[in-house]
Each structure stands twice: as C-alpha cells, then as structure tokens.
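Peer 1: coords below, sequence missing:
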C-alpha cells in the first residue's frame, strides 16, 4: 500500500544531465544511442602496409610479388585510416623490404584482412545502454567511444536522516550514565551512500514536540525521503507518529516482524516519511525492508534478489506465531554442508550484525526450526568468504578474538567464526559434524586431567586429535579492591553476596560445580547461582556494573574491565579437532598463529596465560 | 615474480588515522578493540517500573502485590539506567496504577528481567573488527557504540593513469579521420575508484620520447602505482618499454594471453609500472589481471574469488595452443541449463565487454571447446540477473534493441539477450534448447510464405508457437544520392560495383540468393558476394564507409547512417517460441512490449515497419 502510493506519485526519480566521465555508478534515465561509429573510419589493425588486394593474388613462396609504394601499397601503423584504393593490410612481419620504394610479399592478401571496418565496435545509432542501467566503468568507455559526452541519469535521491531522543549523544561528547552514543544514523548514512543516494544527517533532536516538528518540516522541504529514527523510548516513538499524523498522514503504525515492530510509514507533503525504531538491529532490518526499496525505486532500479544458500541449523530456534522473525546467523562450511548458528537475538546487539554471515527468516506462521533442519538463509557475505571460515564451536576465551585477527591477517585471509556454547556444547557440535574444531577446558574429577577423557567418552576418539592451546588461570572476579573480601567458595554462601554463574556445559561451570561439591556446598544456598552468562567477559561486566559481587572467570577478563582477581588454579584450554581437518590450510594457519611470536606476545600482555605447548598435536587413543 | 617483488618491498600499504564517521569502505590496518561497553550501564529494556525483584515473588492473580514508589519501585522508560536496589523491570502493560504513589502487580518478576546488562552489545576491550576488514555501514555503528572515534586504515593507493599516443583525442575534441576518442583511461579511473584506490588521470601524452619520459618521472613521484596505456600503434608500445628500462627495469614484456599479449610489467624507483596495451578489451583484461591485485594488495585485501557457474557452450570456439584466451560470453538460463554464447572476440570491441555476462577462459594448452560442451564461466553479473534474461538467438533487427530497452524498463526488469546468428541459426538454437525464442524471416520459395514452413520442417511443430512481429521493408542500401545508380539485382554484376553480403543462414541472405536464382545470376560474377556481415547495421556501415557500394538490408539501418534505400519488398520478421515458454513472465513482458504504444511509436519514427499483427500468437500445426 505504502509502495503503491509512491509508484502513483512518481515515475521513478527526477532526471538530470551529467558528464559521462562523472557517471560512474549512476543510473541511465533514458536509453543511450551512439552518436558516432567506432572506429569512425576503416582502420589498420596492424603495423604493416596497406595494399590493393587484387595485386597480391598471385603471390606465393615460389612466385613473390613486388609492390611499388604509393601505387600498390602505402606503409601504415595500427589505427591509421585506410582509404581507397587500398583494401587490405599485410603485417610488417610478412613484408620483405627491397628498397625505399619497393617491397616483396609471398602470400596473397584477402580483401579486408587486418582492417577494422568502420563501426566494428559501435555503429552510429545503435543502443549502447538501455534505460535504468547502472553505469559501470566499461560503460563509460563505450559511451565515450560512441561519441557521447553527456547523458540523462536519475538524480540521486536525497535521504534526510533525523536521529531523535534526549538520551543520545554524539561520538565526541562525554559518556555519562543514561546516555547512549548515537550510531544508527551513521549506519543509515553508509547504507544510503552504498545504495546510490545522498544522505543528509541532522544533529540529534531532543524529545521536544515543537523542536521535532520544526526540524521535520525543514527536512521534508529539502529531502526526497525522510527517516526519523526514534529514540529507544516509547515516548519518542509517540512524538514521531503524532507529528507525521499532524503534518501529513500515517499509513502504517506497527508491523508484524521481529525485530522492527514499532515501525511507522507515512507521508508528509507527498514525501515518504519512515519512523524507524531505535534499537540498532530493528533499525537495520526496517531500513532494509522499507528504505532500501524506496531508494532503488527513485533510481529506477529493481530491488536485486538476495543471494541465498541452503544450510543446516545447528541450534533450535523458537519463534512466535505472531510475527515474522529475522535471525542473524554465523555460517561455515563443514564437510560439504553449510552450518548456520544463530547469533544473539537481542534487538540491541549491533555486534550480531557485525558478526552475521547470513539471515534466516522465520515466517509469521511458524513456531520455529529444530536443530539439524535444512533452512534457506540470505547471505550477507560472498559464499567464497564463508568457505574460507574455520568454524569453532565451544568454550569462550578472549584469545579466540586474537587468533581470528591473526588468521585474517595472514596469507589466505581465513576467518575464524567462534560460537560460544561451552565446552560440552562444543564436543556435541563436533559429534554432529557442525564445527571444524571445539575449544574445551573440561576437568576430569577422577584423574584431575583436562580434556582427553571427555573426548574419549563422547567422541570416536581414534578419529580425533587434540591441539594444545594455553594454560590459563581461573579465579574469582571481584570488584576493585575486593570490598566484599571474598577469599574462598564458602564466601559465596554469604547473604550479602550476589554471585553470577556461567551456563550449563561450560568448562568454568563444571569447575564451579566441582569445587562446590568438594566442599559439600549446596548451590541452593548461593544467591545468583541461577544467573547464567555465556562468556567470561559477560561475567566480568556483571561484576563491573555492580549487579553481582563475584563470578568465576579468567584473569584477562578481570583485567580488561579493571577488576580484581583471586586465582583458584590453572586449567588447560585446548582444541579438539577431527583428524581429517588437521591438514586443511585453515587448520594449519590456526596452528601457525598459536605458535607465532606475535600471538604469544599478546598473551604475555594480557597476563594469566602460559603457552609452552601451544600448537602441539596430541594423539588420542 | 612481479608480485613477489612487490610483497618484498612493502608490508601492504601505508597507514593513516581517520574519523570512524568517514571510514565507509576503508580497510582496517589494525584490529579495533572497544573502548567502552555498550550499553555502558544496566538499562531498562522496556517502559515500565524498576522493582526490587524479591518484593514481587509472592504476586499472583489471586494475590496481587501492592508496591510503593521510591521504596519498592520507580517508573522507568526504555534506556533509563537501573541502579541498586532495583533488580528487575516490569512492563507498563503489566502494572495497575492505584494512585500516584502505588501500583499493583499480579505476577512475580524474575531477577534481571527486561534489563539490558552493561556490555550486552559490546564489552570494553573486546575486538570489534579484525585487521584488514573492509568497513561496512554496520561496522561504523558498532565502532561508535564501542566508543571508537578514530581508526587506523590503509591509505588509498594512488594510481597514475597515463594515456599515450598521438592519434587519441579527448571526448570534447572534434572527431577527425584517423583520430580515436581516448576511453581506456576513463575505464581505468572507474575501476580504480570501485576497488578503493584514488585515480590520477593525466592528459594524453603524444608519441614523443622526451615528453613521455618527463611525464612518467612526474607521475612516479606522486603515485603508488603507474599505468601507462599504450596507444594502439606498436611505436608507442616501444617507447613505453624503452622508457621503463631506461628509468627503472622491465620484468616482463609480453604475456601469453589473448587478448593482452603486449603487456609490460616493470618498476621505476621501486614503484610498479604497468604498460597496458591500447585495445580496450586487452586493456580491460590486463588491468584485471595485474592492476586489480596490486590495488588489493596495497589495501591489505585478499583478491576475492570470482563467482563462477557451469554453462553449456552454444557455439564452437577455436583457440590457439600458444596462449590463454579470455572469451566474453552472453549467458541465459534456458530450461535449467545456463547457455553461454561467445561474443565478438575482437580486442577492439568495447561493446562485447558492455554486453558480456561472463568470461570463459580457454587454457594455453587447449585448442578450443566444442558446441554443447560443459564449461565453467566467471560471472560478471549476479546470477539472479542472468536468470531474468530472455534469451533470443536468431536474425538481427534494430527493433531487438528497442524491445530490450522496454523490457528492462518495465516491472520485472527483464533483460533481453540477443545473439545474431541468422534465422536458420536461430531455429537450430531452439532445436538444441539454447534459446527461449528465435527471431526469423525465412521466405519459402515455393509458397511465397514466411516462416511457418521452416518451423514445420526443422522443429517439432506442435510444440511451437509463432509470435507475430513486424512486417519490414528490405531493399538495396546505397550511398547518399545513389551515385552508382543501382536499380536491380543485375546491377550487382557490374564491374564498378562492390557488393557486401550477409552471412549464410541469415534470412536476408536467403532472400538475396532467392532473387539471384530467379534471375539466373551467378554469384561468382558479383564482386564482394563473399564479404559477409552479421547485421544490417554492419552492411550499412560498409556502404557508409565506402568499402562497398551496395548491400541488402532494412530501411531503418540505411536511415540510421544517412544512406539511400531502394525497396525490394516486405517480409515477415516473427519469433518462434516453444509453447512451454509462452506463459513465462519474461515472454509475457516481451509480447506486452510488442503491443505497446511506446514501442509502436518508435517503429513509426524509424520507418519501414508495419505492425498490425505484432504480438499475435499463431498455432503451428
């Protein structure tokens, strides 16, 4: 309905005439027909001599023919025009010079040989480009060759981008509690540029009805499309919808997608106005669904189909019948199968968009997808890039980021995709053939040994290898100065202590439970035992923000957020890998990074790691 | 060897620090770690009230709990910070207001519900982007959210582009015989911009040793890479190679590819210098092979793999063992098979690059590929676009360009790919399943009828339909004013007349042979009978350029080039289409265009066409 209205109002965008030499990426508004032929004359295609073909017909090795300059031939260079009476060109290599005015040839020349006839490339009046064609570098070459210097193109649509909300600040401003750095408008700016529009970003408008009204009126006057990005509060959304209604009309308020529900579509002075919700992931998908087709339309372009691929889902997804849901996924090719692992579904998690390789769409009438089911995903990256990705599923450690960076940096440019599901989750992923390797740190309570016995228990051990990783120190992460004076696990039972835990299946969780068991501490007595985080950093962040007093994790996480750390002990963080992947280029690069000086220097800088055996391959029997 | 030398010299490109808000499309030179967490505080994810979770635990529908403001709860909007002692948020929809200071709830709140914990999106110190990452709009959002305002990126490499040759002129200059509009440098400019470099184009340098030397030295001083584009003459190539040798060193002179042989690779002052041949198709492939990887290298990027697809070759290709050959192809999907039709292989034919959908590479040690063989092609367009292409193989007429333009312009944005192999060639292509439709104009000498009897003879007629096209006038195309006074076919035998013919299998050729037969004229007596052109326009161009005095073709071709025309008769230019394609959206759009006012107006403007039946479907029995 919204789009129909736009189609009625405009026959695509406005047209302007520009220089061909400045037309890269622009879209033709009319077909372009050649003004000149190219070449514009019959031209020699070789260095040599132009001859009258008929005088050469009797030439052979036994019977060379002698030709006279000006009469039978003239010398020509490539590109020289060929005039009557000359009708063929002989390459210089096939010509024997006798003297200044005579040459000999030993082969007949066919008429028109080595002559580029007029119009060989382009014939005057032929169509060089159709209308609605996006101009590539090669098109510029053809247009110029066809004698065209100016062309009609669609004007780039001007897209006003107006961030609103009293809580948002500009990147340079000082961060305070309750403030959020405004970033959606910058994402929109980039997307508009990539799509071929001109973004005009406004300074954030505070939640003030009159101020917003004035700004909207100004923006509608100068832009073709206006995007109002609501602050994250419902109040700011209310202002937007009221103002569009007051100044024009609202066609849609609220759509059945997740994320993206509080979308507003309307018109002011017959210009489309989009109210886009504030959470970045919502903002991204709503832009993609509504602003992108609009910009394409103004540029006379069809919305290109999104590249898709079949994948197998590695984790169950539950969705609601109430809405269509966009789920971002990491993709990796394991064996010949593309594996899709859902990322964090929070509408506020920009990083999920940064990390995503694809998008899985769950239709409105579906309750979700089971793990192992085949799904179709829209690709956000070229499939070749996804094929160059080493898929790691398992326990989390900061070093995975560092390894990823080095792998990307080295020859081959491999990516490392790491999903954090805990050590046991990683082993199960290997078992299901969904990952190339799994980082694990699993303590065998009986032997006190790490990792190997778990591989023997859960996997076909003979087909597996263990790549030694790092020894890392685990300990209590507590607030700076340890105000609660936490020393041991028994302190976790204290009434004044809020604990923050890791999720089931995480090696750290197994460690916690092991230590509690050893001390016969009932987990029910620990406040916060059920609050589960999936990474060390998330545990540290909970402590840093004061929502917990203590959690268990690695030194580097504590240090990164300026927290204190009380060591519990050292553990082995290693990688289980099916033998068949060990000799792939990707795995070799992974091992090369583990053993590299650069990486080990970074470990020293982080602190809390030892790496004597890093990259060593252990057989599992 | 050339690339090894560059890798030794430079550790990728130079680094500079720029604002994140201006970083779109740039490439990170270092990994980027978050400075701030996002959110930077525990934030309400909803509008509602923040509560101490423990005071809600007993709430139920039977036992509502009453809460006191400031003591048990405070009102919050989405994004507001949540401080101690509050540990959960209840949505406003679930809150019953009693009075200004009291509310009632009927459900317990789980601790931390509807609270976005500090670092939910980004945790301080975590890696946002790895090194050598090309920055997308969403990355800018994440960087800003992580408190990053400046980042280290690779400088855009400066690429000097120097066209040379005394015969080339700038687009604004007046065209003269022997002059060529310089266009390669403009193609290079566009490619450099698309790849992320900065092009610096020089004015064309004439073939003057000293002038060229001076310009090269200047250009090497300010650019990272220098491209010298040889004029089309061998002389200008000689200058280039001599100068690179004099000022630096030549590593490679001549490569075993076609097109592209006379390529020069060298260094001056340790900067790479490329001598690229003058023919546009050669220039394009040499740029792609050598300049593109260089620019990628300076930007720290891996050369992306080219998307490929399997296709079936529709025409035999003969290649030489001496070189690797790049052959441009049109692609179309017929049934479920991708069909590749080779385009004009001339190195001077820019339009083949404009029209190409893909490139087929014939390796150095191959003699070619047979028709019907499966080949792998590199795609130049998204495969979705190729799937939207209606594949026409058969006779040529100017109206195919017009139809193509309208189809592209209409809803659906379909493309029309038309290969010109003559009417009989088109029928054979339909038979082999390589085209959706074939334009034909075949005169049955016995019945005097057009087209239908040929379909009955060569194709399974019951499975075919005929879409009526246009009636068009064929005639003699002669020079302006008809200086040779050509009136009839008997004139073609005159000694002072050069004829230009169409290729075997073309409907026009059949017409020529029919008319000659009727008059018992021996083709041997016609000078130029063996000179075959594949389009009407090429015939007209031969006449316009004076290399022939007469040819046979349609009125529109004669008019386009300002030639005179002596009508011979009217013929039916129709389209044979397998019935199964008739109801595809693409074919419907094709027929819609044939029947449209806009198209028929253009026919009137061209002259020489009648279109009473255009778009009518004829059954063939």
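Peer 2: That came in fine, so what should we check first? Keep in mind that what you see is a predicted model, and the values were worked out from it rather than measured.
Peer 1: ranges for the strands of the stretch 501-621 of chain A?
Peer 2: Ranges of strands in the stretch 501-621 of chain A, per DSSP state E, counting those that start in this stretch, are A:532-533, A:550-554, A:564-578, A:609-610, A:617-619.
Peer 1: Who are the packing partners of the third one?
Peer 2: Other elements packing on strand A:564-578 under the criterion 3 or more CB pairs under 8 Å, 6 or more residues apart in numbering or on different chains; DSSP states H and E are helix A:423-431, strand A:438-440, strand A:464-478, helix A:507-518, helix A:555-560. All C-beta atoms are positioned from the backbone trio N, CA, C, and that covers glycine.
Peer 1: quick one: is the third one near chain B?
Peer 2: Spelled out, it's strand A:464-478. No - judged by CB under 8 Å from any CB of the partner chain, strand A:464-478 makes no contact with chain B; its nearest approach is 12.8 Å.
Peer 1: Okay, now the sheet partners of that strand, with direction.
Peer 2: Paired strands of strand A:464-478, with direction, are strand A:550-554 (antiparallel), strand A:564-578 (antiparallel), strand A:609-610 (antiparallel), strand A:617-619 (antiparallel) (DSSP bridges).
Peer 1: Could you tell me the end-to-end distance of stretch A:428-445?
Peer 2: End-to-end distance for stretch A:428-445, by CA to CA, to the nearest Å: 20 Å.
Peer 1: What of stretch A:42-56?
Peer 2: OK, stretch A:42-56 end separation, CA to CA: 20 Å.
Peer 1: Whether that stretch contacts chain B - can you check?
Peer 2: Yes - Stretch A:42-56 is in contact with chain B by CB under 8 Å from any CB, via A:42, A:45, A:47.
Peer 1: What are the buried residues along that stretch?
Peer 2: Across stretch A:42-56, burial judged by 16 or more other CB atoms under 10 Å in any protein chain shown covers A:42-53, A:55-56.
Peer 1: In strands only, show me these.
Peer 2: Secondary structure from DSSP state E places A:43-44, A:48-51 of these in strands.
Peer 1: And those, which is closest to chain B?
Peer 2: Taking CB to the nearest CB as the measure, chain B lies nearest residue A:43 of those, at 8.1 Å.
Peer 1: contacting residues for the closest one?
Peer 2: A:78-82, A:115-116 (CB atoms under 8 Å, 6 or more residues apart in numbering or on different chains).
Peer 1: Start and end of stretch A:147-160, how far apart?
Peer 2: Distance between the two ends of stretch A:147-160: 37 Å, counting by CA to CA.
Peer 1: Could you pull up the contacting residues of residue A:132?
Peer 2: A:12, A:27-29, A:300-301, B:408-409, B:413.
Peer 1: typed the wrong thing, it's residue A:148
Peer 2: So residue A:148 contacts A:20, A:32, A:34-35, A:128 (CB under 8 Å, 6+ apart).
Peer 1: follow-up on the earlier one: just checking: which of the contacts of residue A:43 also lie near chain B?
Peer 2: Checking these against chain B (CB under 8 Å from any CB), the matches are A:78-81, A:116.
Peer 1: Of those residues, which pair is most distant in space?
Peer 2: A:78 and A:81 (11.5 Å; CB to CB).
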